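Undergrad: Provided below are the primary sequence and the corresponding predicted coordinates.
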Amino acid sequence: MNAPFPASAGAEFVRDDYVPAADYISREFLELEKARLWPRAWQMACREEEIPKVGDYYTYDIADDSIVVVRTAPDQIRAYHNVCPHRGRRLTGGCGHTARFHCRFHGWQWDLAGNNTLVVDRDDWAGALSDEDVALTAVRVETWSGWVYVNMDPDCAPLADWLAPAKAMLDPFDLGGLRYQWRKSTILPCNWKVALEAFNEGYHVQTTHRQMLEYMDDVTVSHEHGRHAMFAYWKALPIGSGSRRIGGPLRDDIRPGILAYMEDMAATLNAGSSVRAVHAARRVMQEVPEGKTPVEVLTAFAGFIREDAERSGAGFPPITPQEIYAAGIDWHLFPNQIMLQSPTGLLGYRARPNGDDPDSCIWDVYSLQRYPPGEAPAVEQQWSQDHADEGFWGRILCQDYQNMGDIQRGMKSRGFAGSRPNPVQERAVSNFHRALHDFLAEA
C-alpha cells in the first residue's frame, strides 16, 4: 500500500486494480506535482545529438520551470534555470546556438559556464551585487544512452541510482548508438498521465488497434521494477500467428504473418527498426522454406535483421537473445518517459503538463534508428495540432489519439470514481501511480 496522501488532494490508496480519478483531473493534484514531483525527479530533457557543438542549447520547459541545457565543451554539458536573476525574464526558448546568454530586457550577459559577464551600469549597485548573485543557477545534469537528464534538486541521488534496475536491463541495447529518424510534437486534450499510460500497456491493442490481431497475438504481461515498469509478450503466440481473441489456431506457417505485420507497421507507424524488419521479413519468405518451426523462422528473422545492420555499416550491439527477451518490448521510466526498444531502433514518448491545465499536455514522439557513421539524417522537430492527420502521424498513433479527449472528459463523470487497471496486463499503470503517490508523500 502506498504512503498516505494529503486529504486536500482527494487521493485514495492506489491498488493493483484501482487508481483514483483525482490523479488525472484534480487541479490540487497538479499543484502537488508542480511542488513535489518535477523539482525533484530526474527527467529526460533532450538527446545529446540535439546539442552536438559547443554553444548548442536546448530549452526544456516543465510546468512553471524552464531549464536551458547547453554544451560547454566537446565532452561537457551543463544546465541552468532559464531565468535572468535581474528581473526574471526567460533567456532562451526552443533550441539554437550561442556564444553567450543574453537577456533581451536589460542586456545582461553570461558565458556558457553561467558566469555573468555584463551587468549594465553595475556600479549603480555600489558593490551590493556579488558574482554569485548574478550568476545563472545551475541544475544537475547527467547523461545515459544518448539522453540528457536534468534534476532541479541539488541533493538528488545520481541518475544511475534513479534508473536502476531498468538501466541494467536496457544497457545491452546500446541505445546511445541510435540517432533520430523523426521527431514530432503536439498538444493533447488530456492529462499528461492519460497520454503516457496509453503507451505503457498492450491491453488496448485488441480494441484500439484491432487490425493488428490478424498477425499478432496481443496478450501481454506487465511487471514493475521499482518506480519503473515494463510489459512483454511472453505469454503470446509467436509473432505472425494471429491473435487467439479472433479464434484462429497457431498457424503452421508464420512467415506470411510476420511479413504482413512488418509491412503494416512500416506503413502505419514507420518507427524504430520497421524498415529493416520489412527487409528481413521478405528474406524470410524467400530464404526460409515452408515447414520450419516457429522458433526456426523467428531465429532466421532475427538473424537477417542483424546481418542487414552489420552489412550496412550501422552495426549491431553485443546483446544476447536472452537479454532481448528479458527486457520485454516496452519500458516506462518514471516519471514521464516511455520507450519501445530494439537492438536497431526505438520508438520513444514523453508527456509533460501544459501549464496549469490538468486537461492538457505537451506530447513528444520520436523514432531512433541505428545508422552507419555519418549517415544519420538532420532531423527537425515537427509540430501538428491535427490529431487525425494520418499523413503526419500514421494510422497507429491516430488510433491512440482518438481516445485521449474522451478519456479525460469521461473521468470527470459523477459515475467514475477511478480507473480499474488490469492487474496482469496493466500493472505498469497502477505501479506508476503507486510510485507517484509515494514520491509526492516523501517531500
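TA: Everything's here; your move.

Undergrad: Settle this for me: residue 393 is touching residue 384, isn't it.
TA: Yes. In this structure, residue 393 is within contact of residue 384 by Cβ atoms under 8 Å, at 7.0 Å. Yep, even glycine has a C-beta here, placed from its N, CA and C like the rest.

Undergrad: tell me, what's touching those two both at once?
TA: residue 184 (Cβ atoms under 8 Å, 6 or more residues apart in numbering).

Undergrad: Show me which of those two is the more surrounded one.
TA: Remark: of residue 393 and residue 384, residue 393 carries more neighbours, 21 against 13, as counted by other Cβ atoms under 10 Å.

Undergrad: Need phi/psi at the more buried one.
TA: According to degrees, to the nearest 10, the main-chain angles of residue 393 amount to phi -90, psi -30.

Undergrad: Tell me who's in contact with it.
TA: 184, 384, 387, 401.

Undergrad: Among these, name the ones in helices.
TA: Those of those mapping onto helices are residue 401, per DSSP state H.

Undergrad: just the buried members of the contacts of residue 393?
TA: 184, 387, 401 (16 or more other Cβ atoms under 10 Å).

Undergrad: Quick check: the closest residue to the second one other than its chain neighbours vs residue 381, distance?
TA: When the adjacent residues along the chain are set aside, residue 387 lies closest to residue 401, with 4.0 Å between them (Cβ to Cβ, 6 or more residues apart in numbering). To residue 381, residue 401 is 18 Å away according to Cβ to Cβ, to the nearest Å.

Undergrad: How about residue 358?
TA: 25 Å.

Undergrad: so what's the nearest residue in space to residue 337 that is not next to it in sequence up against?
TA: Excluding its sequence neighbours, the residue lying closest to residue 337 (Cβ to Cβ, 6+ apart) is residue 44, at 4.8 Å. Taking Cβ under 8 Å, 6+ apart, we find residue 44 in contact with 147, 148, 149, 333, 336, 337, 350.

Undergrad: between those residues, which has the most around it?
TA: Counting neighbours by other Cβ under 10 Å, residue 333 leads the contacts of residue 44 with 26 neighbours.

Undergrad: re earlier: surely the residue nearest to residue 387 and residue 388 touch.
TA: Yes. Applying Cβ under 8 Å as the test, residue 401 and residue 388 come out as touching, 7.4 Å apart.

Undergrad: secondary structure class for residue 114?
TA: coil (DSSP: H, G, I helix; E, B strand; the rest coil).

Undergrad: burial count for it?
TA: Burial of residue 114 is recorded as 19 neighbouring residues (other Cβ under 10 Å).

Undergrad: wouldn't it be in contact with residue 138 here?
TA: Yes. In this structure, residue 114 is within contact of residue 138 by Cβ under 8 Å, at 6.2 Å.

Undergrad: Spit out the residues that contact these two alike.
TA: Common neighbours of residue 114 and residue 138 (Cβ under 8 Å, 6+ apart) are 78, 80.

Undergrad: so what's residue 131 closest to, chain neighbours aside?
TA: residue 116 (6.6 Å).

Undergrad: cool, residue 381 as well?
TA: With Cβ to Cβ, 6+ apart, the residue lying closest to residue 381 is residue 183, at 4.6 Å.

Undergrad: and the one you found, what is it in contact with?
TA: With Cβ under 8 Å, 6+ apart, residue 183 has these contacts: 364, 365, 366, 367, 379, 380, 381, 382.

Undergrad: mind checking how far it is from residue 384?
TA: 12 Å.

Undergrad: repeat for residue 359
TA: Distance from residue 359 to residue 384, by Cβ to Cβ: 19 Å.

Undergrad: cool, and residue 406?
TA: 20 Å.

Undergrad: can you check residue 404 too?
TA: Per Cβ to Cβ, residue 404 is found 14 Å from residue 384.

Undergrad: just checking, the residue nearest to residue 337 is part of a strand?
TA: Yes. Inclusion of residue 44 in a strand is indicated when three-state DSSP is applied.

Undergrad: Looking at it now. What's its pLDDT?
TA: Predicted confidence (pLDDT) for residue 44: 98.

Undergrad: what are the bridge partners for it, then?
TA: Per DSSP bridges, the residues bridged to residue 44 are residue 149.

Undergrad: picking that back up, mind putting the contacts of residue 183 into CSV with pLDDT and neighbour count?
TA: Compiled in CSV, those are given as follows (pLDDT from 0 to 100; neighbours: other Cβ atoms under 10 Å):
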residue, pLDDT, neighbour count
364, 98, 17
365, 98, 22
366, 98, 20
367, 97, 22
379, 95, 17
380, 93, 9
381, 93, 14
382, 97, 12
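
Undergrad: Can you tell me which of those residues is nearest residue 274?
TA: Nearest to residue 274 among these: residue 367, at 8.5 Å, using Cβ to Cβ.

Undergrad: now for the host helix or strand of that closest one, which elements pack on it?
TA: Secondary structure assignment for residue 367, by DSSP states H and E: strand 357-369. Contact here means 3 or more Cβ pairs under 8 Å, 6 or more residues apart in numbering; DSSP states H and E; on that basis strand 357-369 packs against helix 22-25, helix 27-32, strand 179-188, helix 192-197, strand 345-354.

Undergrad: Let me have the ones you listed in CSV, extended by mean pLDDT and distance to residue 430.
TA: What follows is the helices and strands packed on strand 357-369, written out as CSV (pLDDT from 0 to 100; distance: least, Cβ to Cβ, whole Å):
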stretch, mean pLDDT, distance to residue 430
helix 22-25, 95, 11
helix 27-32, 95, 16
strand 179-188, 97, 22
helix 192-197, 98, 10
strand 345-354, 97, 18
